[in-house]
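Q: no FASTA, just this:
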C-alpha cells in the first residue's frame, strides 16, 4: 500500500505528521519493511529522518546529495531527464538510504529516498518533457510513471510506502500522487483549509472546474486516458486541533463546514474515497506544541522523546509528560486508520 500525505495548502503540519506516522507505524509493525519517499524540495522529512536540526540532519543529507550517483529523488530524476520516455539502465538501490545508520533512534525497518532541492530546478524540464508531442507516445504518462519505474525494481521488498508531497501541484507532485494508492489529507480549522480541500478535489479529480476548457487538461482526465488508477482519499486529518477548540469558536463552524463538504462528496462521488461515511473520514490530532518542536529539532519519534527540561538551539524548553502522552495517543489513533 502506498500512502501520500498531501494538501495543496502549506502550513498544515504535514511533514511533522508524516514523520511521526512513519516512525509510529514502523514501531507498531516491526516485521514490516517500510519505504519513505521525500518528494518535497525542502526535504524536511529527510533532514528529520537523518537527525534533525540539532543532530546534523542537514549535513548528513548534503552528504547523500554528494554521492555518485546522487542518492536522492533528485538524483534519480537527473538520470531520467535524458531518457524520459523509456527507463534507462539504473539501480534503484543507488537512491535508497537507511536512516537508522545515521540516526539510531529511527526504526531499522525504514528505508528512505531522500528529498532534494533539485526538484525545483528540474520542474520546468520535467513539465516540458511531459507535454511533448511524439506520435505513438503518451509523453505525459511516460513521465508520470517515473516513480513507478523506480519502484518496479524494489516494490516487492516493501510492505508499505509513505510519500511526503510538496503543497504545490507541480509535475513532481503529480508523479507522487499518480504513484499512490491512498491520500492522507491534513487540514486545519481555517477557511483556507476548507478552500484547499475543494481545490484538492478539483486538481486531482477534476471536480467543479471553472470551465469545461480545463477538463481535457485535468490530472484525472490524463491519468484515465493512460489507463491509470486515481488514488483515493483515505483519511482527512484535522491537525493541531486544540488550538481552535470551543463550541462558540468560529473555527468550530469551519470544521463543521468541512464535514458537510465531505458528506456531500460522499453522496455524489463515493468512489473517490476508501470510506463510506463521514464518521470514518476524519481523525482529530491534537497540537503537538512543544513536544513536536523538540522532536522536530532532534529528529526523534515520540517514543524516543523524554519528558522534562531540554536544550534546543541554546534555549531551555520543557516537554510536559501530559502533552507527550497526548501526542502519542493522537498519533496512535491515526496509525490505527492506516
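A: Cool, the structure landed. Being a predicted model, the structure only gives us computed values, none of them experimental.
Q: Spell out which residues sit in contact with residue 22, please.
A: 34, 36, 110, 162 (CB atoms under 8 Å, 6 or more residues apart in numbering). Every residue, glycine included, has its C-beta placed from N, CA and C.
Q: out of the residues you listed, which is most surrounded?
A: In terms of neighbours by other CB atoms under 10 Å, the contacts of residue 22 top out with residue 36 at 29 neighbours.
Q: and it, what is it in contact with?
A: Going by CB under 8 Å, 6+ apart, residue 36 touches 18, 22, 45, 49, 110-113, 161-164.
Q: In helices, which of those residues fall?
A: 18, 22, 45, 49 (DSSP state H).
Q: Who wins on neighbours among the residues you listed?
A: Busiest of the ones in helices among the contacts of residue 36 [other CB under 10 Å] is residue 49, holding 31 neighbours.
Q: Find me the pLDDT at it, would you?
A: Residue 49 carries a pLDDT value of 98.
Q: Turn the ones in helices among the contacts of residue 36 into CSV, including distance to residue 119.
A: Conversion of the ones in helices among the contacts of residue 36 to CSV gives the following (distance: CB to CB, whole Å):
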residue, distance to residue 119
18, 17
22, 20
45, 13
49, 17
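Q: quick one: which of those is nearest residue 157?
A: Lowest distance from residue 157 to those (CB to CB) belongs to residue 22, with 16.4 Å.
Q: leaving aside the residues next to it on the chain, what's closest to the most centrally placed residue in the chain?
A: The centroid of the chain falls nearest to residue 164 when counting by CA atoms, centre = their mean (2.3 Å). Of all residues not flanking residue 164 in the chain, residue 45 sits nearest, at 4.5 Å (CB to CB, 6 or more residues apart in numbering).
Q: still on that earlier bit, so the residue nearest to the centre of the chain sits against residue 43, correct?
A: No: here residue 164 does not reach residue 43: they are 9.2 Å apart, not a contact under CB atoms under 8 Å.
Q: so what sits against both of these two?
A: Joint contacts of residue 164 and residue 43 (CB under 8 Å, 6+ apart) are residue 115.
Q: The stretch 51-200 of the chain: strands as residue ranges?
A: 110-113, 160-165, 182-187 (DSSP state E, counting those that start in this stretch).
Q: Let's have these in CSV, adding mean pLDDT and distance to residue 265.
A: Listed next are the strands of the stretch 51-200 of the chain as CSV, based on pLDDT from 0 to 100; distance: least, CB to CB, whole Å:
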stretch, mean pLDDT, distance to residue 265
strand 110-113, 98, 32
strand 160-165, 98, 21
strand 182-187, 92, 12
